[in-house]
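Asker: Kindly generate the corresponding structure for this input.
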Amino acid sequence: MSVTSELSDPSDPGIPDASPYIKLDRDQWSALASSAPLPLTQADVEKLRGLGDPIDLAEVDAVYRPLTALLEDYIATSRERAHRTGTFLGVDEPPTPFVIAVAGSVAVGKSTTARLIAHLLSRFPDTPHVDLVTTDGFLLPNRVLEKRGLMARKGFPESYDRRSLLDFVAAVKSGSERVQAPVYSHTVYDIVPGWHVTVERPDVLVLEGLNVLQPAPRGTRLGASALAVSDFIDFSIYVDADPGDIRRWYLDRFLTLKHTAFTQPGSYFRRFAEIPDDVALAGANEIWESVNLVNLRENIAPTRGRATLVLTKDAEHRMSRVLLRKS
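Answerer: Here you go, the predicted structure:
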């Protein structure tokens, strides 16, 4: 199989000319699956996939077998480099967690990608302890967003407690024994007070979120930290698709939620469950156009070129190509 470097892609503003990426089409990528294990069943996939994502075992076989095998190789290389550095310095430190980030738009399927990676990596003997944390837990509470006039920009970089998120990832990456992350409820659309997920020195941390690849904010005052979460990431994945397709997936998912989760007592979006579908979808489309699409264009898509690997989907949620950053 011959794989060539992608030199330019003028249709893709996130991948510049003289690209640092190697481009593989679906056939080239899926051909790599024969050398990787697949310890999953269709029942496993159905439990792990996100709402509205039709991924099946065949797609996992074609996409995630090669991806997790590649990740295991990166993890092994990282550990070997750390060992060689320790030997050179004359110190003996245990390996710190390998941090994998999964970024992309709302409704693109990044949650499914993150869960599948975490589940598959935990089946490898060298990485039995894998934790998954979503950055939703680091959104500012609604009361704070309301006070700052940011409720309409929920999911934008400024709606997160960036200091707490940075401290969390830095502590995990530095090898802290026990680190806690807050928990977010999509039902009440807010942080759950007193709830935390605990991370205890995993072999791998998978961090999933809209803005995990953001650089440090501009205008950082003199003497303040210019670090960003992305500075602590060892391998990053951007899940990509045409915005028109993502919009359709978002609306399909919204309609499903309208008849399920939105009907629950205490649901923040319960008002949508009680109105006709066409009226609810019109409201959802307005949210997409004024919030999610704006965030995608202004903040999320510009980070695509920072990813180690770009996983591009077609209109049917199937992987169509992979871009892998050259070593």
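
Asker: Look up how far residue 140 lies from residue 163.
Answerer: According to C-beta to C-beta, to the nearest Å, residue 163 stands 11 Å off from residue 140. The way it works is simple: take the backbone N, C-alpha and C, and place the C-beta from them, glycine included.

Asker: Which of the two has more residues huddled nearby?
Answerer: Taking neighbours as other C-beta atoms under 10 Å, residue 163 and residue 140 compare with residue 140 leading, 21 against 10.

Asker: Wait, that one touches residue 150, no?
Answerer: Yes: under the criterion of C-beta atoms under 8 Å, residue 140 makes contact with residue 150 at 7.3 Å.

Asker: Give the intersection of the neighbour lists for the two.
Answerer: Taking C-beta atoms under 8 Å, 6 or more residues apart in numbering as the criterion, residue 140 and residue 150 both touch residue 159.

Asker: Given the strand or helix carrying residue 99, what are its sheet partners and their directions?
Answerer: Taking DSSP states H and E as the definition, residue 99 sits inside strand 98-104. Paired strands of strand 98-104, with direction, are strand 204-208 (parallel), strand 235-240 (parallel) (DSSP bridges).

Asker: TSV please, covering those and showing mean pLDDT, distance to residue 113 and mean neighbour count.
Answerer: What follows is these, written out as TSV (pLDDT from 0 to 100; distance: least, C-beta to C-beta, whole Å; neighbours: other C-beta atoms under 10 Å):
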stretch	mean pLDDT	distance to residue 113	mean neighbour count
strand 204-208	98	8	26
strand 235-240	98	5	24
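
Asker: In this structure, where is pLDDT below threshold?
Answerer: 1-18, 35-39, 51-52, 219-225 (pLDDT under 70).

Asker: Please enumerate the strands of it.
Answerer: For the chain, the strands defined by DSSP state E cover 21-25, 98-104, 130-134, 179-185, 190-199, 204-208, 235-240, 309-313, 319-325.

Asker: of all the ones you listed, which gets the most neighbours per residue?
Answerer: The highest mean neighbour count among the strands of the chain, using mean count of other C-beta atoms under 10 Å, belongs to strand 98-104: a mean of 28.

Asker: Convert that one to PDB, retaining C-alpha atoms only.
Answerer: The C-alpha trace of strand 98-104 is given here as PDB (Å, rounded to 0.1, in the frame of the first residue of the first chain):
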ATOM      1  CA  PHE A  98      -0.700   9.500  28.400                       C
ATOM      2  CA  VAL A  99      -3.300  12.200  27.600                       C
ATOM      3  CA  ILE A 100      -5.500  11.800  24.500                       C
ATOM      4  CA  ALA A 101      -7.800  14.700  23.500                       C
ATOM      5  CA  VAL A 102     -10.900  14.300  21.300                       C
ATOM      6  CA  ALA A 103     -12.300  17.600  19.900                       C
ATOM      7  CA  GLY A 104     -15.000  18.500  17.400                       C
END
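
Asker: who's in contact with the residue nearest to residue 212 when sequence neighbours are not counted?
Answerer: Setting aside the residues directly before and after it, residue 212 is nearest to residue 101 in space (C-beta to C-beta, 6 or more residues apart in numbering), at 4.3 Å. By C-beta under 8 Å, 6+ apart, the contact list for residue 101 reads 206-209, 212-213, 229-230, 233, 235-237.

Asker: Make TSV out of these and add distance to residue 313.
Answerer: Shown next, in TSV, are those (distance: C-beta to C-beta, whole Å):
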residue	distance to residue 313
206	19
207	21
208	16
209	18
212	19
213	18
229	24
230	23
233	22
235	19
236	17
237	12
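
Asker: and of these, the nearest to residue 327?
Answerer: Lowest distance from residue 327 to these (C-beta to C-beta) belongs to residue 235, with 11.6 Å.

Asker: Identify the residues contacting that closest one.
Answerer: Contact partners of residue 235, counting by C-beta under 8 Å, 6+ apart, are 71, 74, 98-101, 308-309.

Asker: re earlier: relative to residue 283, how far out is the residue nearest to residue 212?
Answerer: If you go by C-beta to C-beta, the gap between residue 101 and residue 283 works out to 32 Å.

Asker: for residue 182, same thing?
Answerer: Counting by C-beta to C-beta, the separation of residue 182 from residue 283 is 29 Å.

Asker: residue nearest the centroid of the chain?
Answerer: Closest residue to the average C-alpha location of the chain: residue 102 at 2.4 Å, with C-alpha atoms, centre = their mean.

Asker: show me what contacts it?
Answerer: 110, 113-114, 117, 206-209, 212, 236-237, 239.

Asker: try it again with 7 Å
Answerer: By C-beta atoms under 7 Å, 6 or more residues apart in numbering, residue 102 lies in contact with 110, 113-114, 206, 208, 237, 239.

Asker: Report the two of these separated the most.
Answerer: 206 and 239 (12.9 Å).

Asker: if I look at the residue lying closest to residue 107 once chain neighbours are set aside, how far off is residue 110?
Answerer: Using C-beta to C-beta, 6+ apart and skipping the chain neighbours, the partner closest in space to residue 107 is residue 250 (3.9 Å). Separation of residue 250 from residue 110 (C-beta to C-beta) stands at 13 Å.
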